[in-house]
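Chemist: everything below, folded, please.
(chains A and B)
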Amino acid sequence: MQGSASLAAPGKAAAAVFAIASQLCGAAFLYLILKVDGGWQVVGLLALLGFGFYLLERLPWIGDYALASFARAPLVAMATAAVIVVAFPFVVGSNTYMLHLLIVAQLYAVLALALNFQLGSANIPNFATGASYGIGAYVSALLAINFGISFWLTLPVAALAATLFGFIIGIPSMRTRDTYLALVTIAFGVVVQQLLNNFSWTGGPNGLVGIPAPSLFGHSFADPLVIFGWKLPSQANFYYLAAALVVVAIVTAHRLHGSRIGLAWNALRADEIAAKAQGINVAWFKVLAFAVDAFLAAFAGTIYAFYVSYISPDNFTFLVSVTIMTMVIVGGMDNIFGVIVGAFMLTILPEKLRAFADYRLLFFGVVIIGFLMIRPQGLFPQRMRRYGGDL
Amino acid sequence: MRFGGLVALNDVSLSIDKGAVLAVIGPNGAGKSTLFNVVTGVYRPTSGRVTFNGAEITSRPSYEVVDRGIARTFQSSRLFSDLSVLDNVIIGMHTRTKTGVLDALFRPGASRREMAACVEKAEILLKLGSGGLFEQRYRPAGTLAQADRRRLEIARALASQPKLLLLDEPSVGMDDTETDALVADIVRLRAENPELSVILIEHDMRVVEAFPQHVTCIDYGSKIAEGDFAAVRADPRVQEAYLGKAVADA
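Modeler: A predicted model of the protein is given here:
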């Protein structure tokens, strides 16, 4: 106990060193797990990860110390994170498969953060995030293909279209709760996917082909990225784009969580009747959660569409929504960092365990049941808000 | 107020003046809590009217009722148990804060300042009441002792700066010392805000006795007596309602 008391308040230098070292370790771990080719190496890395979480669980002061360090030296921590994110493609080099996985993981991180507003903050089980993602992708792709509108313009248009969709599901959903609400959102997700499948102007089951690559200041995202003589594969363009979107999602989540809106969502998660009695317009805040979710999901959808340049209804199935939900539950509801970790793990692990690819749905099912039984709060549980920095 | 065939509240007309305390008593199931639910817009009355400050608020949504200045506590405390004590109080300020989604996203400074002001006000509220709520402000509300839960409910209701405070059995689960402290808290509140009106549902006659000017007794959804505490206590119908017919006759 004495040890924990003295360790809980790291000095400035110790905090900075810890913030840098821990993030480098995390990045190294990510690199290794991306690099290995399945089999025992993956199992070994997973065992290492499991041991890490075991330590974190048994010795809670490690977590407190880490949080205190990051709070003490926020600039150092953020600068380190930025350097790691920017430098990662250089380390990965020409391994396009790793870059591809990272892009997908980042897009899923955005989707998981989007769903976290509902599932994590307000306990609204929304199974239609995949549909919002699809709407974003289709709206932007259709605009680009049919009207030649640039990627940068389709981004906000797609987001607005999906937000409108969010309002449309949100309004009937207000009237239902819990299981019934989940059913309503499942129905919406399926309806959207079926519509995409059956309309002729969405290309039907064949989807949309030939979405033009975006370009910025004359640089096409289909071309390799050359920085100071370093030549990175064209995927690096989308890697940085997705990273920027993750930053936007984190900032959005952080600001909403810290404002009275995040508190109102938490209130209606805990007790809806009591929330009403505090003057919270419960119906409006539920609809708002749907809208924010759809807005961010559409951004991810747009980037996805332009990245793969070919989308079909199969990319936006119910399974996608289930995957996103698993990420939030595993990572930790209402914990921004946890949700991102969950998204990365559940994007990368199924890829690395290709041998079991046929059992992917089973894998997600087992993971969800396992977590709900053993650790319902997720890997990184939500933390109490601290005001004024007295951690 | 009817629930299907059951008439939960039939003929209850109450009024309270600015700055007064009205105690509502009555046996279990008399309709006291239903009365609060009708006033605060949780239930929509089948007939009857609720007016507040000269405006009709019958069947208005709860958030509007709170915004107009009516705050309440619940009989079975309904705290946000996985949030901290401080957060519970800050949520109580919901109608007095204004940040919207766009403000929170694009004017983070204003949003932060608003929250900082809320924290300050909440800490003052927690310090004022009896019990050690302030020291426990970072604890999850669900882990508080029963008396502290009741106190926190009141602090949360006060956070909305109400003109009318509805307390639904605030002394439930409190021992004698804690009940005395509760009475002292209410007395102090009234001294600090002479405009504040309080409607108090109580079973504990010691609390009612402390605010004896206006007492109303409800039974089977109807008002059976009103007046000051001594008069209501002496009313044979009240004694009958509480003690049963035979005893009252004896």
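Chemist: now do the contacts for the residue in the stretch 101-250 of chain A that chain B sits nearest to.
Modeler: Of all residues in the stretch 101-250 of chain A, the one sitting closest to chain B is residue A:248 (9.9 Å; C-beta to the nearest C-beta). For glycine as for every other residue, the C-beta is placed from the backbone atoms N, C-alpha and C. In this structure, residue A:248 makes contact with residue A:299, judged by C-beta atoms under 8 Å, 6 or more residues apart in numbering or on different chains.
Chemist: tell me where chain A has strands.
Modeler: Along chain A, the segments classed as strands by DSSP state E run A:208-209, A:215-216, A:219-220, A:225-227, A:230-232, A:310-311.
Chemist: distance of residue A:331 relative to chain B?
Modeler: Going from residue A:331 to chain B by C-beta to the nearest C-beta, to the nearest Å gives 18 Å.
Chemist: surely that residue meets residue A:342?
Modeler: Yes - judged on C-beta atoms under 8 Å, residue A:331 makes contact with residue A:342 at a distance of 2.4 Å.
Chemist: any shared contact partners between these two?
Modeler: Residues touching both residue A:331 and residue A:342 (C-beta under 8 Å, 6+ apart) are A:112, A:378-379.
Chemist: and the residues you listed, which of them are in helices?
Modeler: Residues from the shared contacts of residue A:331 and residue A:342 lying in helices, with DSSP state H as the criterion: residue A:112.
Chemist: tabulate the shared contacts of residue A:331 and residue A:342 (TSV), appending distance to chain B.
Modeler: Shown next, in TSV, are the shared contacts of residue A:331 and residue A:342 (distance: C-beta to the nearest C-beta, whole Å):
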residue	distance to chain B
A:112	19
A:378	14
A:379	18
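Chemist: got the shared contacts of residue A:331 and residue A:342 as CSV, with pLDDT and neighbour count columns?
Modeler: Shown next, in CSV, are the shared contacts of residue A:331 and residue A:342 (pLDDT from 0 to 100; neighbours: other C-beta atoms under 10 Å in any protein chain shown):
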residue, pLDDT, neighbour count
A:112, 94, 35
A:378, 81, 23
A:379, 82, 21
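Chemist: go through the shared contacts of residue A:331 and residue A:342 and say which is closest to residue A:320.
Modeler: Of all the shared contacts of residue A:331 and residue A:342, residue A:320 sits closest to residue A:112, with 11.4 Å by C-beta to C-beta.
Chemist: picking up where we left off before, can you tell me which of the strands of chain A is packed in deepest?
Modeler: Mean neighbour counts were compared across the strands of chain A using mean count of other C-beta atoms under 10 Å in any protein chain shown; the top stretch is strand A:310-311, at a mean of 20.
Chemist: hmm, who's touching that strand?
Modeler: A:134, A:137-138, A:141, A:207-211, A:304-305.
Chemist: please apply the same query to stretch A:23-31.
Modeler: Contact with stretch A:23-31 is made by A:45, A:48-49, A:77, A:80-81, A:84, A:88, A:91-92, A:344, as judged by C-beta under 8 Å, 6+ apart.
Chemist: and for stretch A:360-376?
Modeler: With contacts defined as C-beta under 8 Å, 6+ apart, stretch A:360-376 is touched by A:319, A:322-323, A:325-326, A:329-330, A:346, A:350, A:353, A:356, A:378.
Chemist: which one of these is nearest residue B:130?
Modeler: If you rank the contacts of stretch A:360-376 by distance to residue B:130 using C-beta to C-beta, residue A:378 comes first, at 37.7 Å.
Chemist: ok, now how distant is the residue nearest to that closest one when sequence neighbours are not counted from residue A:280?
Modeler: Leaving aside its sequence neighbours, residue A:378 sits nearest to residue A:332 (C-beta to C-beta, 6 or more residues apart in numbering or on different chains; 3.2 Å). For residue A:332, the distance to residue A:280 equals 24 Å [C-beta to C-beta, to the nearest Å].
Chemist: so for chain A, the centremost residue is which one?
Modeler: residue A:109 (1.7 Å; C-alpha atoms, centre = their mean).
Chemist: for that residue, give me its contacts.
Modeler: Neighbour list for residue A:109: A:246, A:249, A:339-340, A:343-344 [criterion: C-beta under 8 Å, 6+ apart].
Chemist: name the nearest residue to it, ignoring sequence neighbours.
Modeler: residue A:343 is the one closest to residue A:109 (C-beta to C-beta, 6+ apart), at 3.9 Å.
Chemist: pretty sure that neighbour is touching residue A:327, no?
Modeler: Yes - counting by C-beta under 8 Å, residue A:327 is a contact partner of residue A:343 at 4.5 Å.
Chemist: and whatever residue of chain B ends up closest to chain A, how many neighbours?
Modeler: Closest contact between chain B and chain A, by C-beta to the nearest C-beta, is at residue B:66 (3.2 Å). Around residue B:66 there are 26 other residues, counting by other C-beta atoms under 10 Å in any protein chain shown.
Chemist: show me which of the contacts of stretch A:360-376 are buried.
Modeler: A:322-323, A:325-326, A:329-330, A:346, A:350, A:353, A:378 (16 or more other C-beta atoms under 10 Å in any protein chain shown).
Chemist: so which of those residues sit within helices?
Modeler: Residues of these located in helices (DSSP H): A:322-323, A:325-326, A:329-330, A:346, A:350.
Chemist: out of these, who's nearest residue A:168?
Modeler: For those, the minimum distance to residue A:168 (C-beta to C-beta) is 20.5 Å, reached by residue A:325.
Chemist: any idea how far that closest one lies from chain B?
Modeler: In terms of C-beta to the nearest C-beta, residue A:325 sits 20 Å off from chain B.
Chemist: and residue 64, how many residues sit next to it?
Modeler: Going with chain A. 15.
Chemist: oops, I was thinking of chain B
Modeler: Look at residue B:64: counted by other C-beta under 10 Å, it has 14 neighbours.
Chemist: so it makes contact with residue B:50?
Modeler: No - assessed by C-beta under 8 Å, residue B:64 is found out of contact with residue B:50, at 11.9 Å.
Chemist: which residues are in contact with both of those two?
Modeler: residue B:57.
Chemist: just name the shakiest helix or strand of chain B by mean pLDDT.
Modeler: helix B:245-249 (a mean of 55; mean pLDDT, DSSP states H and E).
Chemist: returning to what we had before: who's in contact with the residue nearest to residue A:109?
Modeler: A:105, A:108-109, A:111-113, A:327, A:331.
Chemist: swap in residue B:220?
Modeler: Each residue near residue B:220 by C-beta under 8 Å, 6+ apart is listed here: B:10, B:30-31.
Chemist: out of the contacts of residue A:343, who's the most crowded?
Modeler: Most surrounded of the contacts of residue A:343: other C-beta under 10 Å gives residue A:112, at 35 neighbours.
Chemist: quick one: contacts for that residue?
Modeler: A:324, A:327-328, A:331, A:339-340, A:342-343.
Chemist: can you name the two of those that sit furthest apart?
Modeler: Spatial extent of the contacts of residue A:112 (C-beta to C-beta) is set by the pair A:324 and A:340 at 12.5 Å.
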